[in-house]
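J.: with the sequence up front, the predicted model follows.
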Protein chains: 2
Amino acid sequence: MHNRSSIIRMSHYRNAVLRLKAMNFVRVFSDNLADAAGVTAVQVRKDFSIFGITGSRRGGYKVDELIEKFNGILGKDELQKFVIIGVGNLGRALLHYPFEKHGIKIVAGFDIDTGKHNRDSKVPVLPIEDLTEFIEREKIELAVITTPDYAAQKMLDFMIPAGIRGVLNFTPVCLRGPKGVVINNISLVSELENIIYFVNVAENASDEE
Amino acid sequence: MHNRSSIIRMSHYRNAVLRLKAMNFVRVFSDNLADAAGVTAVQVRKDFSIFGITGSRRGGYKVDELIEKFNGILGKDELQKFVIIGVGNLGRALLHYPFEKHGIKIVAGFDIDTGKHNRDSKVPVLPIEDLTEFIEREKIELAVITTPDYAAQKMLDFMIPAGIRGVLNFTPVCLRGPKGVVINNISLVSELENIIYFVNVAENASDEE
DNA sequence: TAGATTGTTAATCGATTAACAATC
DNA sequence: TAGATTGTTAATCGATTAACAATC
């Protein structure tokens, strides 16, 4: 019901509405959001119904009300602070990715490599030894793991007692955590392999015409 | 049947088997792969059945045969070449991400910013003006889009006539392309919002205990 | 043979879509 | 009122799970 896909769609709807607001839209229809999010209008209304978002028949949805609702659902009521574990190519990119306008702040990166440490950077990069204390002091509950694969599970096990409760894992290993800890995996290689597979399928399908 | 999720699982199975091979496993059971990929053994066997992968009753699956099969499905028979459109923080990270061992090669990055151009780098960064010619000459069919959101659709429309047939889109806008062109979207913001949502749900659920 | 594992068919579950009533 | 749009209930579709037969 409130599954991963529906939350991802909510996020897309929010994004679309923000852009429409920037274009001075006051109301939007399910059709508009469907177009912007690449789904059907029925899907939009069904999603809204599940999350208790109502509009007015004939008049669509008020942009400002929608944004309010989305913000509530997606946790924009308070700043969401993340740490990044492993400051390699990908970790460094995420350290500087513009998440601020979405109410998300990367507060620090952590790495074992002393060459990467930098306390004075806008987003500091700190030694792993400081991680527990930092998480507890700053009350961080969210983390992104961009370490090499062999280090990922160890780092997760280390962070959870300190208070981490949600993790986005970019390593290709499937991480395990206790119940109550949210762990999502994105594997860049798998994503590329997915594209490759469906391009090949499309190719072979057209061969048969 | 052969949907996105099943291909992502195939990719995870392949990854798991490669690690088991490195540990000198000769045979694996559906249970082993299930553990490594975080799914059930029945799911593994069902997936295999759909993709025509068979083992031997009582004896599991031969590691080398599995790898062969996975390689066929996931397009490892030939080197898969990608270009990266937009060399910002994320694009640059992907330019140097170690995809080679998976039979995937990032052959070039493209950007409008002349300050980013570098023909002599290991993975060259070239001006957008060179894109069409490059794609046609090198027969590139795959691309990753890491431009700012406002540029993404324009770049896609520009690339498709040149021969691009599969795209991984990291911008938060939902891209459109003609039938036959595969477009997958990953939004980093949505992924983080997903974690945030489920951490909040878990929190509220435990409040009610 | 007994035990373990695969592989398939049927049942269940959940998500999407269709149909349509409500109402602005 | 007529037309357009929302919102809900029912139907469909597809994916996962259960049950179990096959067999090594």
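T.: Received the coordinates, thanks.
J.: show me what counts as buried in the host helix or strand of A:K154.
T.: Using DSSP states H and E, the element containing A:K154 is helix A:149-159. Within helix A:149-159, the residues scored as buried using 16 or more other Cβ atoms under 10 Å in any protein chain shown are A:151-153, A:155-156, A:159. (C-beta placed from N, C-alpha, C; glycine too.)
J.: can you tell me whether I have it right that A:I84 is in a strand?
T.: Yes. Residue assignment for A:I84, taken from DSSP: H, G, I helix; E, B strand; the rest coil, places it within a strand.
J.: that one touches A:T146, doesn't it?
T.: Yes. Contact criterion Cβ atoms under 8 Å: A:I84 and A:T146 qualify, at 6.2 Å.
J.: so what sits against both of those two?
T.: A:91, A:94 (Cβ atoms under 8 Å, 6 or more residues apart in numbering or on different chains).
J.: re earlier: the helix holding A:K154: how far from the chain's middle?
T.: 20 Å (Cα atoms, centre = their mean, to the nearest Å).
J.: wait, does it contact chain B?
T.: No. Applying Cβ under 8 Å from any Cβ of the partner chain, one finds helix A:149-159 separated from chain B by no less than 8.7 Å.
J.: on contacts alone, who are the packing partners of that helix?
T.: helix A:131-138, strand A:142-145, strand A:166-169 (3 or more Cβ pairs under 8 Å, 6 or more residues apart in numbering or on different chains; DSSP states H and E).
J.: go again using 10 Å as the cut-off
T.: If you count contacts as 3 or more Cβ pairs under 10 Å, 6 or more residues apart in numbering or on different chains; DSSP states H and E, helix A:149-159 packs onto strand A:80-85, helix A:131-138, strand A:142-145, strand A:166-169, helix B:4-22.
J.: list the contacts for the closest residue to DNA strand C within chain A?
T.: Residue of chain A nearest DNA strand C, by Cβ to the nearest atom of the strand: A:R58 (3.0 Å). Counting by Cβ atoms under 10 Å, 6 or more residues apart in numbering or on different chains, A:R58 touches A:F29.
J.: check the residue nearest in space to the middle of chain A and give its pLDDT.
T.: By Cα atoms, centre = their mean, chain A has its centre lying nearest to A:L168, at 7.6 Å. Looking at A:L168, its pLDDT is 98.
J.: which SSE is A:C174 in?
T.: Using DSSP H and E, no helix or strand contains A:C174.
J.: so it touches B:G38, yeah?
T.: Yes. With contact defined as Cβ atoms under 10 Å, A:C174 counts as touching B:G38 (3.9 Å).
J.: now do the shared contacts for these two.
T.: Common neighbours of A:C174 and B:G38 (Cβ under 10 Å, 6+ apart) are A:183, A:185, B:12, B:16.
J.: just put those in a markdown table and tack on neighbour count.
T.: Converted to a markdown table, these look like this (neighbours: other Cβ atoms under 10 Å in any protein chain shown):
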| residue | neighbour count |
| --- | --- |
| A:I183 | 18 |
| A:N185 | 19 |
| B:H12 | 22 |
| B:A16 | 23 |
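J.: now those residues as JSON lines including pLDDT and distance to DNA strand C?
T.: Below are the shared contacts of A:C174 and B:G38 laid out as JSON lines (pLDDT from 0 to 100; distance: Cβ to the nearest atom of the strand, whole Å):
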{"residue": "A:I183", "pLDDT": "96", "distance to DNA strand C": "18"}
{"residue": "A:N185", "pLDDT": "96", "distance to DNA strand C": "18"}
{"residue": "B:H12", "pLDDT": "97", "distance to DNA strand C": "16"}
{"residue": "B:A16", "pLDDT": "96", "distance to DNA strand C": "13"}
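J.: from these, pick the one nearest DNA strand D.
T.: Checking the shared contacts of A:C174 and B:G38 one by one against DNA strand D (Cβ to the nearest atom of the strand), the nearest turns out to be B:H12, at 12.4 Å.
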